[in-house]
Structure formats: C-alpha cells, structure tokens
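A.B. asks: pasting a predicted model and its sequence here:
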Amino acid sequence: MNRFQQAGTALAAILAFHGVGHAAESAADAAARKALSELVPQAKIDAIEQAPLPGYRQVIVGGQMVYVSDDGKYLLQGSLFDTKSKRDLTATRLAVDTKHKVDAVPEDKRIVFAPSGKPKYKVTVFTDIDCGYCRKLHSQIAEYNQRGIEIDYLFFPRSGIGTPSYDKAVSVWCAKDRKAAFTAAKAGANPAPLKCDNPVADQFTLGTKVGVDATPTVLAPDGTRIGGYLPPDEMLARLQAVSAPALAGN
C-alpha cells in the first residue's frame, strides 16, 4: 500500500454516515467534493465551506476536518492554528458542528446528574457501561455536582450495537429507576435484562457523527471536547478556561 492509499484508508476510518445536499455549490465546493469522492468513495460529507486558509475549503466528515485546495488537487489533515490569536481554528469550527448535533438531543433522552441548586456548568459525556475510566468518573459524580457541574450522559457502547455493552445500556435505560440502575451498573452490577423503546442506537450513531472514538468523551457547553476522564477539580478548571473567552467578549 503506497502513502496515497494509506491516506485514503486513514480518512475512510473517520467517516460518519450523514450527508448533505449538493445544491448551489461553488466551483471550489464541487472540486472538494469530487476530490473526496474519488479518494474515498464512501465519504459522507457534513459540510463544505471556505477555510480560513486562503485557497482551501474546509470539509467536515464524521466529526473530523480535512482541508482541500480550491482546485481539488491537494488535501490536508491536521489542526489549523491562528498564530496571532493562538486559537485552534479546526477545533473551534468542529465544536460548533458538535454543539448543533448534541443540543438536538432532548433532556428526556439523557441520563442527568445535576447539582441540588442551579448548575454553573453542564457537560455532555458519551459513556460506555463497561469502560473503566467511565466508571471512575461516575464514582465521583457527587464531587462534580458539588462543584456546580451537571453531567448529562449519552450512551456510546464502544463495542457497537447489539453487543453485551449495548444490551446493558438498553437495560439501564429501560429500568424503572434509570439513575439508580445506571449507578449500579457503573459499580459493576449486571442490570436485569430489559427491552423497551430506547435511544441507545441513536446516541451511538450520534457519537460517530461527532467524532467520538473513545469513552468517556466530555463535551463543554459550546461543543468543545475538553477531555476523557478528568478529576473534578481539573474538569472545573477546563470549563472555566473554555468559558473565559466568551465572558471576555461580552
């Protein structure tokens, strides 16, 4: 396999399954789409738009970003930084896309652990019932809540749909007391097998669309990925750092 084939294989590994229409595309947009379809025929594109880098389009595929030259001849993978503002422009743009998708999940389709008072911050956590660091995070749920952090869980069984971890997530969702069943499962208990209408498959698919590739994946309110497992104080510090620029702009 040559390096160009390897590049195509690597790109294929990050693709999601969500497409967009082709109406009113510019010549540069069309060139970028054509280049990607030739390199990776199964590519499902979320967005094509002008990049901050002159002469390039930025293309979101499966929660990841690639940059394609306006003539479709060159493709770049990696993070684009603004050296003056010291901002990761790639992560900033992907956060907008992630927030839009994740915010579409209603509260009644999440498992929410909130502080007793009004939360200072709310994070979305893609979690796997059997993931060790996911279990460690949940074992400290009271400490996150004490710091004013609300944890909203979405399921992402890493082994995929129809696997034992997936079935456990479904059983937890279908339990009479979801939060109690969730906490027990995170402590190592096997939930009683149950079936009902549930959002687990949809949440797993959502995770693939926003680039989740490990658990836990912790998202700040603006869609920024702030880490995997983070101790309570470190999560609070990350959230404060993410919100600081927004507060400064007000």
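C.D. replies: Cool, got the structure. Numbers count the residues shown, from 1 in each chain.

A.B. asks: residue boundaries of the strands in this structure?
C.D. replies: Assigned by DSSP state E, the chain shows strands spanning 45-50, 56-61, 64-69, 75-77, 81-82, 87-88, 111-113, 121-127, 149-155, 217-219, 225-227.

A.B. asks: need the CA coordinates for the second one. PDB is fine.
C.D. replies: Listed next in PDB are the C-alpha coordinates belonging to strand 56-61 (Å, rounded to 0.1, in the frame of the first residue of the first chain):
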ATOM      1  CA  TYR A  56      -8.800  26.000   0.600                       C
ATOM      2  CA  ARG A  57     -12.200  24.600   1.500                       C
ATOM      3  CA  GLN A  58     -12.800  23.000   4.900                       C
ATOM      4  CA  VAL A  59     -14.800  19.800   4.800                       C
ATOM      5  CA  ILE A  60     -16.400  18.100   7.900                       C
ATOM      6  CA  VAL A  61     -16.700  14.300   7.600                       C
END
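
A.B. asks: now it: buried residues?
C.D. replies: Neighbour counts over strand 56-61 (16 or more other CB atoms under 10 Å) mark 56-61 as buried. C-beta: built from backbone N, CA, C; applies to glycine.

A.B. asks: and what of stretch 161-171?
C.D. replies: 165-171.

A.B. asks: what about those, which are in helices?
C.D. replies: Those of the buried residues of stretch 161-171 mapping onto helices are 165-171, per DSSP state H.

A.B. asks: output those residues as a markdown table; include the columns distance to Ala180 and pLDDT.
C.D. replies: Below are these laid out as a markdown table (distance: CB to CB, whole Å; pLDDT from 0 to 100):
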| residue | distance to Ala180 | pLDDT |
| --- | --- | --- |
| Ser165 | 19 | 96 |
| Tyr166 | 20 | 97 |
| Asp167 | 18 | 97 |
| Lys168 | 15 | 98 |
| Ala169 | 15 | 98 |
| Val170 | 16 | 98 |
| Ser171 | 13 | 98 |
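
A.B. asks: flag every buried residue along stretch 86-101.
C.D. replies: 89-95, 97-99, 101.

A.B. asks: which of those residues lies closest to Asp152?
C.D. replies: Lys99 (13.0 Å; CB to CB).

A.B. asks: got a list of what that closest one touches?
C.D. replies: By CB atoms under 8 Å, 6 or more residues apart in numbering, the contact set of Lys99 is 219, 221-223.

A.B. asks: for this protein, longest helix please?
C.D. replies: Max-length helix for the chain by DSSP H is helix 232-248.

A.B. asks: next, Pro41: phi, psi?
C.D. replies: When quoted as degrees, to the nearest 10, the phi and psi of Pro41 stand at phi -60, psi -30.
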